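Enquirer: need a structure here:
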Amino acid sequence: QVQLVESGGGLVQAGGSLRLSCAASTRTFSNWNMAWLRQAPGKEREFAAAINWSGSTTLYADSVKGRFTISRDNAKNTVSLQMNSLKPEDTAVYYCAAGSTVTSIASRYNYWGQGTQVFVSS
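Expert: Next up is the predicted model:
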């Protein structure tokens, strides 16, 4: 069982930055591949970024590539998402998720946090 709690969301102007964090309650955090996904109002949940168990491999959606950076600290059981050059279309609830593979397919992730809201004003 993996419990995930996100933090760091908020309101930011377009062009600004935010850093999201996800704390995992599990003794086996380093066994899990982690991801950030997001859901905008009226839209389906979509993949943003993922990182493998060791941090050696990352995967990004084209929409965030070059602006977002995912990282993890296995000693602290945390995964982070640094978001730069934010755009109004990045407005969404951001979810942290854990799974057995690094994938852009949301349904492949086994555990999810409750989400943190990010709002980017124009």
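Enquirer: drop to CA atoms for contacts and neighbour counts, all remaining ones
Expert: Fine.
Enquirer: pLDDT weak spots in the protein?
Expert: Applying pLDDT under 70 to the chain flags no residue at all.
Enquirer: in it, which spans are strands?
Expert: With DSSP state E as the criterion, the chain has strands at 3-7, 10-13, 18-25, 33-39, 46-51, 58-60, 68-73, 78-83, 92-99, 109-112, 116-121.
Enquirer: what's the residue positioned nearest the centre of the chain in contact with, if anything?
Expert: Central residue of the chain (Cα atoms, centre = their mean): residue 36, 2.2 Å from the mean position. By Cα atoms under 8 Å, 6 or more residues apart in numbering, the contact list for residue 36 reads 47, 48, 49, 50, 81, 94, 95, 96, 97.
Enquirer: which residue sits farthest out from the middle of this protein?
Expert: residue 122 (22.3 Å).
Enquirer: which residues are in contact with the closest residue to it other than its chain neighbours?
Expert: Spatial nearest neighbour of residue 122, excluding adjacent residues (Cα to Cα, 6 or more residues apart in numbering): residue 14 at 5.3 Å. By Cα under 8 Å, 6+ apart, the contact list for residue 14 reads 85, 86, 87, 88, 120, 121, 122.
Enquirer: 6 Å instead?
Expert: Residue 14 makes contacts with 86, 87, 120, 121, 122, as judged by Cα atoms under 6 Å, 6 or more residues apart in numbering.
Enquirer: buried subset of the residues you listed, written for ChimeraX?
Expert: Selection command for ChimeraX covering only the buried members of the contacts of residue 14, criterion 16 or more other Cα atoms under 10 Å:
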select :86,87,120,121
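Enquirer: turn the contacts of residue 14 into a markdown table, columns for distance to residue 18.
Expert: Output for the contacts of residue 14, formatted as a markdown table (distance: Cα to Cα, whole Å):
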| residue | distance to residue 18 |
| --- | --- |
| 86 | 8 |
| 87 | 11 |
| 120 | 10 |
| 121 | 13 |
| 122 | 15 |
